[in-house]
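J.: my questions are about this predicted structure, shown below with the sequence.
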Number of protein chains: 2
Amino acid sequence: MYTARAYAAASPTAPLASATIPRRELAERDVQIEILFCGICHSDVHQVRNEWSSVMPTVYPIVPGHEIVGRVTKVGAAVTKLVPGDLAGVGCMVDSDRTCESCQEGLEQFCPNLTLTFNSPDKHLGGVTYGGYSERIVVDEHFVLRVPSNLELAGVAPLMCAGITTYSPMRHSGITKGKKVGVVGLGGLGHMGVKFARAFGAEVVVFTTSPGKRDDALRLGAHEVVLSRNADEMNKHTGSFDFILDTVSADHDINAYLNLLRRDGTLTIVGVPPKPLGVAAFALIARRRSISGSNIGGIAETQEMLDFCGKHDITADVEVIPIQKVNEAYGRLLKSNVKYRFSIDMASLERERA
Amino acid sequence: MYTARAYAAASPTAPLASATIPRRELAERDVQIEILFCGICHSDVHQVRNEWSSVMPTVYPIVPGHEIVGRVTKVGAAVTKLVPGDLAGVGCMVDSDRTCESCQEGLEQFCPNLTLTFNSPDKHLGGVTYGGYSERIVVDEHFVLRVPSNLELAGVAPLMCAGITTYSPMRHSGITKGKKVGVVGLGGLGHMGVKFARAFGAEVVVFTTSPGKRDDALRLGAHEVVLSRNADEMNKHTGSFDFILDTVSADHDINAYLNLLRRDGTLTIVGVPPKPLGVAAFALIARRRSISGSNIGGIAETQEMLDFCGKHDITADVEVIPIQKVNEAYGRLLKSNVKYRFSIDMASLERERA
């Protein structure tokens, strides 16, 4: 065991502050990564503030961060996937049981014995896992991703969660050229959804409540932008979408979007609004429509996504901040005041040296 | 044009009573059917009482009935599908545009220009179509089904709506041997769902609020019956179902059933509860689950269903009544006091002769 510098929160109301955390010595399949950038995901804020206490209570101190990109510094004796010097990514998961049906199918995210990157029981050191707001992390090679060398790294970090969360449901729904895809909400998730849908060859429509986002949506790849509060604009698209990706985690009228799906169309939610979605039965029955949920993606699919990003030169649009601005960034995130993801430059942790 | 005896309602509050309605002379692709039995569907009651006024306002007088079985008495010159003397069925649809994408794919039920069996604009005679509570009907051969000769006809009538409504979503979801299927609600739809799921080779679990239905559910083909108000019984099945058919049209907790689905499992609703379904986002996201709706089935699939019923000796469990008891039957239907469908013996219309 050795120690690493990190930023941690000591309670639901405490700001994140400099801390020292333990990291394990390398087992034979472990990879040690020097973290270069870590994205800030909404989940970080929820978990730090213990807002999911009923399903995933927070253990303090918490070190959040599951959008990790860095460079391999050391590998265990049996590691074959990476060598020191390689670029590497780590997302929401750092271990699973490898034996359940989901693991066997490469869908580790649904493993009942999943170890999340932070706030999950740590099988090696006891306590809980510590995430990416840190200078280093040690992860089993199976959960370490190879990162294409042609991409700007600050924008790669958010691919590890926001990227795969939007890539996976569109792949799962078979989005290809000729399909009409809607993306509801243009934030960290939504802006990645637009980029992927466009890269898949789909006709892309962004739904937003903010007229100010129109130009940016078009720049990101949308063919059209619909103001969701304008019923006439909405009605023009009735029954026309193959797929809608709903990234909104605030309460909203889901039926307004269901009605835009064509026969056998699917709306997939990746946000978690606080109240249950009020789904009108007729909206589903009328055209044999579906609503589904999606949860990040498996390791193999995450690698596929990163390779796809390398090929198509896709990264997240980020605002790079030093770790010292993380509390301020949380406040801005809650006001959607970021285009479109914060990426922490982890070199800034140097300043915390005593 | 000629006339036929029927039972019609003159207003939302009037009882159904004897009436005379017009039926068209045969066009070259028309089939004239002497109706032997007509099932009573919940939709009949809703439409007679104008309870769907916002989406499908009722035109009076209304002659309901879309679970029709009878014998062909006459065919137009170009008819190739049936000859006089054949058994024939008619379900919820009597015409469509034949040119839209849904029609081309054999999914006429989603045609935007569908003509329903009753209360739909009648292209031939003007006014609206009149349904199966009648001695005769004339229907284009495309919408007339062949009925296997080995089945008891009173129990065949409900196959035309309750049957296809439950058969189609299970076929669409690929229910076969080895799948675990839940059926929520044991009424006209649910009891057909149980029969089909069992015939497909699935493991069948019935969910009911009525302990008194346990024996009957087992007799109909269920392997297990769960009392949905018993949380312990419900929890035992968490994450285990491939497919759940939800036939309940009263408000109910949909998440209790969503949580029973395994990864990638689907819950399909065929009932229309008055209030929106309150769907918890986590229930969908956790295992990539879906909710979908389903609406009867296309003509080709309805024929497939009837052939399947012939092969597996499947009919609805019915209580046969004379047409003179139809108003009483409506009252009992609303109290779920029927096992499991009323089938009107249309020979009883004879008594109405002046």
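T.: Structure's in. What do you need? Numbering: from 1, shown residues only, chains lettered A, B, ... in the order given.
J.: going forward, measure contacts and count neighbours with C-alpha atoms only.
T.: OK.
J.: pLDDT score assigned to A:Thr117?
T.: pLDDT, A:Thr117: 98.
J.: can you name the residues that contact it?
T.: A:65-66, A:91-94, A:129-132 (Cα atoms under 8 Å, 6 or more residues apart in numbering or on different chains).
J.: quick check: phi and psi at it.
T.: phi -70, psi -30 (degrees, to the nearest 10).
J.: ok, now the one 4 residues further on?
T.: Main-chain torsions, A:Pro121, degrees, to the nearest 10: phi -50, psi 130.
J.: ok, back up a step: now the contacts of A:Thr117 in TSV, with pLDDT and neighbour count?
T.: Below are those laid out as TSV (pLDDT from 0 to 100; neighbours: other Cα atoms under 10 Å in any protein chain shown):
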residue	pLDDT	neighbour count
A:Gly65	98	28
A:His66	98	29
A:Gly91	98	30
A:Cys92	98	22
A:Met93	98	23
A:Val94	98	24
A:Thr129	98	24
A:Tyr130	98	27
A:Gly131	98	29
A:Gly132	98	29
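J.: could I get these as TSV with secondary structure and distance to A:Arg287?
T.: Output for the contacts of A:Thr117, formatted as TSV (DSSP: H, G, I helix; E, B strand; the rest coil; distance: Cα to Cα, whole Å):
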residue	secondary structure	distance to A:Arg287
A:Gly65	coil	41
A:His66	coil	38
A:Gly91	coil	37
A:Cys92	coil	35
A:Met93	strand	37
A:Val94	strand	40
A:Thr129	coil	45
A:Tyr130	coil	46
A:Gly131	coil	43
A:Gly132	coil	44
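J.: intersect those with the contacts of chain B.
T.: When contact is defined as Cα under 8 Å from any Cα of the partner chain, the contacts of A:Thr117 do not meet chain B at all.
J.: closest to A:Ala256 out of those residues?
T.: A:Cys92 (31.5 Å; Cα to Cα).
J.: show me the strands in the stretch 1-150 of chain A, by range?
T.: For the stretch 1-150 of chain A, the strands defined by DSSP state E, counting those that start in this stretch occupy A:2-8, A:17-23, A:30-39, A:68-75, A:87-90, A:93-95, A:115-116, A:136-140, A:145-146.
J.: what residues does the stretch 201-350 of chain A put near chain B?
T.: A:263, A:269-273, A:275-282, A:284-295.
J.: which positions within stretch A:251-271 qualify as buried?
T.: A:254-271 (16 or more other Cα atoms under 10 Å in any protein chain shown).
J.: same question for stretch A:83-93.
T.: Applying 16+ other Cα under 10 Å to stretch A:83-93 flags A:83, A:86-93 as buried.
J.: then stretch A:169-183?
T.: A:169-170, A:175-176, A:179-183.
J.: ditto for stretch A:118-130
T.: So, applying 16+ other Cα under 10 Å, buried residues of stretch A:118-130: A:118-122, A:128-130.
J.: and the end-to-end length of that stretch?
T.: Stretch A:118-130 has its terminal residues 5 Å apart, counting by Cα to Cα, to the nearest Å.
J.: which other residues reach it?
T.: Outside stretch A:118-130, the residues touching it (Cα under 8 Å, 6+ apart) are A:21, A:24, A:58-59, A:62-66, A:115-117, A:131.
J.: mind putting those into CSV with distance to A:Ala9?
T.: Shown next, in CSV, are the contacts of stretch A:118-130 (distance: Cα to Cα, whole Å):
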residue, distance to A:Ala9
A:Ile21, 12
A:Arg24, 21
A:Thr58, 10
A:Val59, 10
A:Ile62, 5
A:Val63, 7
A:Pro64, 9
A:Gly65, 12
A:His66, 15
A:Thr115, 20
A:Leu116, 18
A:Thr117, 16
A:Gly131, 12
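J.: the residues you listed: which two are farthest apart?
T.: So, those by Cα to Cα: farthest apart are A:Arg24 and A:Thr58, at 21.5 Å.
J.: neighbour count winner among those two?
T.: A:Thr58 (22 against 15; other Cα atoms under 10 Å in any protein chain shown).
J.: got the contact list for that one?
T.: Taking Cα under 8 Å, 6+ apart as the test, what A:Thr58 contacts is A:47-50, A:52, A:119.
J.: ok, now how distant is it from chain B?
T.: A:Thr58 sits 18 Å away from chain B, taking Cα to the nearest Cα, to the nearest Å as the criterion.
J.: among the buried residues of stretch A:251-271, name the ones in helices.
T.: Using DSSP state H, A:254-258 are the members of the buried residues of stretch A:251-271 that sit in helices.
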